[in-house]
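> Whatever this is, show me its structure:
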Amino acid sequence: MRRLMLDGPRSLRWEDCPEPVIEQPWQALIRPVALATCDLDPAVLRGAFPLPGPFPFGHEGVAEVVAVGGEVRTVAVGDRVVVPFQISCGTCVPCVQGRTGNCANHPMMSSYGLGPMGGLEWGGLWADLARVPYADAMLVPLPPEIDPVAVASASDNIPDAFRAVGPQLAAAPGAEVLILGGPAASSIGLYAAGLAVALGASRTVYLDTDPERLAIAARLGAEPVEGAADARVGRFPITVEACGIPSALRAAINATSPDGVCTSVSVQREDVAFPLLAMYSRCCTFHTGRAHARRHIPQVLSLVASGAFDPSLVTTNVSTWDDSIDALLGTPIKLVVTK
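Here you go, the predicted model:
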């Protein structure tokens, strides 16, 4: 079979390799149907985020189940499924509690397609076949009415966005939401805007300097505001930082209302000085860290199936399997490849 390998910045190649096989009765084999780029992928391809190669590429996608072990009960051959990017056993304490990104039975950050950071043994999803080590715990059946292309990022970026607005709006229905958009977590910020609208936020403001992202935010139903990440646009009970620069992170915290919640979905590669006294005075809650993707995938699919949320509005390029390399090197906001 073939798989896509990333050797380094702007360096991708197809490689022939042995097909994976089922080694345990709780495993499954899958064939990709629609694959997507994560927000981290363009940064790696541009050399803006160091992730040494070579390693098997890709960790977001919808796939078809082609084989299952004898103990698999929740999916069957022929089912279309969302494949969470993180490896989770489903039985350890963190997994049972929904903290599937921190499965206790595997090394921290175990995931598909992230090279040494996620563990090379899992391979990548940009391949003819991939093995799912815990089929019942990981795979989420795709409702038949949902187009796989629309939810190819339900493995990672869409649930990452959901965790930044979903629980917060459940706790404070109708609250206003501010998203500070930017290049670091470009699609996650946009998904968060669309999800906030779908979940009933009374006002969803999307702040950014990029015309393309601002236009997408408007199509998602958000209120686009052109301006730098540290522009003053008011105080909001729910804020999301997706820009990836220290000034944006501080701006998001400063824009959070008393008793509000600020979530950073970007990766800050440097320590950032926090306005702790102001946060303390306003009782501001701040959250950062990797999303526990598997936990939120069913909620995301429910919103898509109901018609309340259309993630395809964030997709900026749809390409074919054979054109993957050229499409990836274009580093669009959100690329989806069909197979």
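
> mind checking how far the closest residue to residue 71 other than its chain neighbours is from residue 69?
Sequence neighbours aside, residue 25 is the residue nearest to residue 71 in space, at 4.0 Å (criterion: CB to CB, 6 or more residues apart in numbering). To be clear about C-beta, it is placed using only N, CA and C from the backbone, and glycine gets the same treatment. Distance from residue 25 to residue 69, counting by CB to CB, to the nearest Å: 4 Å.

> The residue located most distally from the centre of the chain sits in which helix or strand?
Largest separation from the mean C-alpha position in the chain: residue 281, at 32.6 Å (CA atoms, centre = their mean). Taking DSSP states H and E as the definition, residue 281 sits inside helix 276-282.

> Name the residues that touch that helix?
For helix 276-282, the external contacting residues (CB atoms under 8 Å, 6 or more residues apart in numbering) are 253-254, 256-260, 284, 286.

> Buried residues of that helix, list them for me.
279, 282 (16 or more other CB atoms under 10 Å).

> same deal with stretch 287-302?
290-297, 299-301.

> Kindly report the same for stretch 187-204.
For stretch 187-204, using 16+ other CB under 10 Å, the buried residues are 187-199, 201, 204.

> Determine which two of these are furthest apart.
Spanning the widest gap among these are 187 and 201, at 18.8 Å by CB to CB.

> contacting residues around residue 146?
Residue 146 makes contacts with 301, 304-305, as judged by CB under 8 Å, 6+ apart.

> Mind picking the one among these that's closest to residue 210?
Among those, and counting by CB to CB, the member closest to residue 210 is residue 304, at 24.9 Å.

> Tell me where the stretch 151-300 of the chain has helices.
With DSSP state H, counting those that start in this stretch as the criterion, the stretch 151-300 of the chain has helices at 157-171, 186-198, 211-219, 246-254, 276-282, 293-306.

> mind checking which of the ones you listed is nearest residue 57?
Between residue 57 and the helices of the stretch 151-300 of the chain, the shortest gap by CB to CB is with helix 157-171, which sits at 15.8 Å.

> Show me how far the closest one is from its chain's centre.
From the chain centre to the centre of helix 157-171 is a distance of 12 Å (CA atoms, centre = their mean, to the nearest Å).

> what does stretch 254-265 give?
On CA atoms, centre = their mean, the centre of stretch 254-265 falls 21 Å from that of its chain.

> residues making contact with it?
So stretch 254-265 is contacted by 160-161, 163-165, 168, 178, 180, 185, 188-189, 192, 232-242, 249, 252-253, 275, 278, 282-288, 291 (CB under 8 Å, 6+ apart).

> still on that earlier bit, put the alpha carbons of the helix holding residue 281 into PDB.
Written as PDB, here are the backbone C-alpha positions of helix 276-282 (Å, rounded to 0.1, in the frame of the first residue of the first chain):
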ATOM      1  CA  LEU A 276      -2.900  37.700  37.100                       C
ATOM      2  CA  LEU A 277      -4.100  40.500  39.400                       C
ATOM      3  CA  ALA A 278      -6.800  41.600  36.900                       C
ATOM      4  CA  MET A 279      -7.800  37.900  36.400                       C
ATOM      5  CA  TYR A 280      -8.000  37.400  40.100                       C
ATOM      6  CA  SER A 281     -10.000  40.600  40.600                       C
ATOM      7  CA  ARG A 282     -12.600  39.600  37.900                       C
END
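
> State the mean pLDDT of that helix.
Helix 276-282 comes out with an average pLDDT of 94.

> go on, stretch 181-194?
Mean pLDDT, stretch 181-194: 97.

> that older thread, now, among the buried residues of stretch 287-302, which is nearest to residue 15?
residue 293 (26.7 Å).

> Now that closest one: closest residue in space, sequence neighbours ignored.
Nearest to residue 293 is residue 159, by CB to CB, 6+ apart, at 4.4 Å.

> how deep is that neighbour tucked in, by neighbour count?
As a burial measure, residue 159 scores 29 neighbours (other CB atoms under 10 Å).

> which residues touch it?
Contact partners of residue 159, counting by CB under 8 Å, 6+ apart, are 291, 293-297, 300.

> Could you give the number of residues near the residue nearest to residue 152 when sequence neighbours are not counted?
Closest residue to residue 152 apart from its sequence neighbours, by CB to CB, 6+ apart: residue 36 at 3.7 Å. Number of residues near residue 36 (other CB under 10 Å) recorded here: 29.
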